[in-house]
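[1] Compute the structure for the input listed below.
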Amino acid sequence: MLDPSEIEALFTRADGSFLFARWGRPIAPVVIGVDDATLATVKGAFEAVATLADQPLLTETDPELGANCMVFFFRDWDELRELPDLDRLIPDLGPLLDRLVAAQANQYRIFRFDKAGAIKAAFVFLRMDEALSSVPAEDLALAQVAQTVLLWSDTAFADRSVLGRAGETVLLRPDIAALIRAAYDPVLPAMDQDPAMALRLSARMQAAQ
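    Predicted coordinates for the structure are as follows:
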């Protein structure tokens, strides 16, 4: 079980600011750049995490935004420059891609928020380099969806994966699964910038045991 200081660290960014946010609406995912088998795997990961969080998952589209969680698989960052209208969805796309190319990054996530501060949209970019290509599709999908269901710190999983292992089976770490479940408790706010939120999350995790 995570203690409050560990929970606080998972939502404390590199600049020292604390920010917790969860989705404030049903998630309507769309996956781009994969075959049918991988598509089914990614959709299965969304279904599993949505069920864990008791968060509705739309099979059609969000009435306001259409698809509100877009997952892109590709080989080279420059491929995104050619996608129609992506620059309208993501301001300053060109400079962002330049930075990601320079950093040799293989993944990046962007979130959008509603007036209450809850997540209303997310964009997940996965450049399938040698490292990501070596990860089984089921593991990659589960890890990415878990990292999109909450606004984790930019350093949250730098030292330890969101996934764990039970024998030969790879699954969400039990402590992270419990935290995701607690984070979607209706008694908690959808967004909070006070580090004391970690105490409330801890209390909900203990109550659920």
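
[2] what mean pLDDT would you report for the strand of greatest length in the chain?
    Identified as the longest strand of the chain according to DSSP state E is strand 119-127. Taken as a whole, strand 119-127 has a mean pLDDT of 96.

[3] For Ala40, give its distance to Gln206.
    36 Å (Cβ to Cβ, to the nearest Å). C-betas here are computed from N, CA, C, even on glycine.

[4] Can you pick out the residue with more neighbours from the two?
    Legend: neighbour count by other Cβ atoms under 10 Å for Ala40 and Gln206, higher for Ala40 (14 against 11).

[5] which SS state does the more buried one fall under?
    Assigned with DSSP: H, G, I helix; E, B strand; the rest coil, Ala40 falls in the helix class.

[6] now Trp152
    Here Trp152 is recorded as coil under three-state DSSP.

[7] Compute the number of surrounding residues for it.
    Counted with other Cβ under 10 Å, Trp152 comes out at 21.

[8] Give the other helices and strands that the helix or strand where Ile176 lies contacts.
    Take DSSP states H and E as the rule and Ile176 turns out to sit in helix 174-183. Using 3 or more Cβ pairs under 8 Å, 6 or more residues apart in numbering; DSSP states H and E as the contact test, the elements touching helix 174-183 are helix 36-53, helix 197-208.

[9] After the longest strand of the chain, which helix or strand is next?
    Downstream of strand 119-127, the first helix or strand assigned by DSSP H and E is helix 130-133.

[10] Okay, buried residues for that following helix please.
    For helix 130-133, burial by neighbour count (16 or more other Cβ atoms under 10 Å) applies to no residue.

[11] same thing with stretch 191-204?
    Buried residues in stretch 191-204, counted by 16+ other Cβ under 10 Å: 191-192, 195, 197-198, 200-202, 204.

[12] Alright, that wraps it up for me.
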